[in-house]
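What would the 3D arrangement of this be:
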Amino acid sequence: MRDLGRSGVNGVMTTLPRGVGVVSAGLFTVALSACGQPAVDSAGSGRGGGGGSISASGLGGSGGVGVEGGAGTSAAGGPGASAGAGGSAPAEPPADISGRWGMFGFEDPVGVLLKEAADGTLTGEGCAAGAPGVADVTQSLLIACGEISGKVTGHTAWFGFAFVGPPGGYSAQVTVSSDGKRMAGNFENGDPNWRFLTAWLPVADDANWLTAAPLDENDPLAGHYDLTLLPEASTGGELTAGVTYSLGYFGQTLSGDLGSFWWSEISDRAQGSPLRAGPVPATQSGLPTSLTVDFDASGLTRAVARTPSGGLYTFVATKRP
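Numbering: from 1, shown residues only. This is a model prediction of the structure:
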């Protein structure tokens with residue numbers, strides 16, 4: 001999630017009060033208050049309906065975006081593997097991901113209500129801002145919503161929803177942790193040139209979305225960082241020397257090329273350096289399950305990532321201007 005001071009709505013720059021984080025949801029500008037509840041400014045609108053159909057290959061129809069088949073995906077675009085020639089092992093039963101989920105590591109507070117059938121077929125509702133299905137519907141505040149289409153195969157899943165207004169649809173391909181309490185993977189916002197590595201956590205029954213950290217507009221650690229791997233201080237073959245990895249720290253949440261960690265999964269910076277993120281349940285192969293991040297008065301300085309395979313990777317962190 002990016003903490004911006006100004007936001008453009010249909011080409012018009014809108015100045016928001018100090019201390020209000022801004023996230024973009026297509027045509028909508030959503031202001032997040034300190035309690036994490038989205039509020040719509042005068043340029044926004046209320047809950048939207050479906051803005052196109054969902055095809056088997058992902059989001060289609062008017063303004064939709066397709067989910068491309070990747071590694072371990074079928075030609076239809078959803079995760080899954082066909083049985084090989086000659087008696088392969090029976091397929092793993094689909095993980096149960098029914099329920100309310102909130103995504104982070106992207107600027108919009110995307111939420112979904114997933115309903116899973118016995119064969120792994122997913123239906124439900126998704127929103128560009130807010131998670132559908134809050135227990136007290138009078139407290140519900142949802143923006144840009146549409147019907148979910150998707151599929152769970154084993155511990156991988158794809159799902160998406162279309163909505164009225166640009167970009168027209170969101171979609172995700174994720175790996176589900178073995179305990180079913182975390183998902184992580186690629187997310188697409190309708191622009192085929194942009195993919196984001198994000199994570200999902202369950203949303204409480206009485207919450208509109210994931211509960212955000214207390215707002216601190218003067219957080220000295222906030223910003224975008226470049227991570228440079230130190231091969232002499234690293235073991236494992238999942239992360240590569242010579243590649244610049246990204247890491248962002250906003251709203252006391254870490255996100256970037258090393259995965260995303262919600263503020264509740266990270267130690268309080270008031271306890272001093274280092275920040276300790278995780279360990280969290282393993283999801284996507286090679287994705288770190290914990291980070292230890294050193295910092296000083298100027299920002300983050302060093303990061304150590306640990307992967308489920310036992311890899312240990314040390315980085316120098318450099319804050320971007």
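
Residue 298 is in contact with residue 220, isn't it?
Yes: at 7.3 Å, residue 298 counts as touching residue 220 under the criterion of Cβ atoms under 8 Å. Where you see a C-beta, it was placed from the backbone N, CA and C, and this is true even at glycine.

Can you read off the backbone torsions of the residue nearest the centre of the chain?
The chain has residue 198 as the residue nearest its centroid, 2.9 Å off, counting by Cα atoms, centre = their mean. With angles defined as degrees, to the nearest 10, residue 198 sits at phi -130, psi 170.

which residues does it contact?
Going by Cβ atoms under 8 Å, 6 or more residues apart in numbering, residue 198 touches 103-106, 172, 184-187, 255, 260.

Can you list the strands that the biggest strand by length in the chain pairs with?
The longest strand of the chain (DSSP state E) is strand 143-153. Sheet pairing of strand 143-153 (DSSP bridges) gives strand 121-129 (antiparallel), strand 156-162 (antiparallel).

Okay, buried residues for the first one please.
Of all the residues in strand 121-129, those buried under the rule 16 or more other Cβ atoms under 10 Å are 122, 124-129.

for the record, mean pLDDT for that strand?
The pLDDT scores in strand 121-129 average 97.

Quick one: residues in contact with that strand.
23, 25-26, 28, 30, 38, 47, 97, 108-117, 132-133, 141-152, 157, 159-161, 163, 170, 209.

Residue 295 reaches residue 269, doesn't it?
Yes: using Cβ under 8 Å, residue 295 is in contact with residue 269, at 7.2 Å.

Look at the closest residue to residue 266 other than its chain neighbours and say how many residues are nearby.
Closest residue to residue 266 apart from its sequence neighbours, by Cβ to Cβ, 6 or more residues apart in numbering: residue 277 at 4.6 Å. Applying other Cβ atoms under 10 Å, we find 25 other residues in the vicinity of residue 277.

show me the contacts for residue 277.
Contacts of residue 277 by Cβ under 8 Å, 6+ apart are 254, 261, 265-267, 290-293.

repeat that with 6 Å
By Cβ atoms under 6 Å, 6 or more residues apart in numbering, the contact set of residue 277 is 254, 261, 265-266, 291.

again with residue 176
With Cβ under 6 Å, 6+ apart, residue 176 has these contacts: 95, 97, 155, 183.

Most neighbours among those, which one?
Neighbour counts for these peak at residue 183, which has 28 neighbours (criterion: other Cβ under 10 Å).

ok, the nearest residue to residue 296 once chain neighbours are set aside - how many residues close by?
Spatial nearest neighbour of residue 296, excluding adjacent residues (Cβ to Cβ, 6+ apart): residue 273 at 6.9 Å. Counted with other Cβ under 10 Å, the neighbours of residue 273 add up to 16.

Check the gap between residue 273 and residue 317 for me.
12 Å (Cβ to Cβ, to the nearest Å).

before we move on, what about residue 283?
Taking Cβ to Cβ, one finds residue 283 at 23 Å from residue 317.

which one of the two has more residues nearby?
Comparing residue 283 with residue 317 by neighbour count (other Cβ under 10 Å), the higher total belongs to residue 283, at 22 against 19.

which ones are touching the more buried one?
Residue 283 touches 175, 177, 182, 184, counting by Cβ under 6 Å, 6+ apart.

what about 8 Å?
Contact analysis of residue 283 by Cβ under 8 Å, 6+ apart lists 174-177, 182-185, 199.

Check residue 286 too.
Contacts of residue 286 (Cβ under 8 Å, 6+ apart): 238-239, 307, 309, 311.

One more pass at 7 Å, please.
Residues near residue 286 by Cβ atoms under 7 Å, 6 or more residues apart in numbering: 238, 307.

Residue 299 bridge partners, please.
In beta-bridge terms (that is, DSSP bridges), residue 299 pairs with residue 296.

Is it possible to get JSON lines of the strands paired with strand 143-153 that adds distance to residue 225?
Shown next, in JSON lines, are those (distance: least, Cβ to Cβ, whole Å):
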{"stretch": "strand 121-129", "distance to residue 225": "27"}
{"stretch": "strand 156-162", "distance to residue 225": "30"}
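
closest one to residue 250 among the ones you listed?
Nearest of those to residue 250, taken as Cβ to Cβ: strand 121-129 at 16.9 Å.
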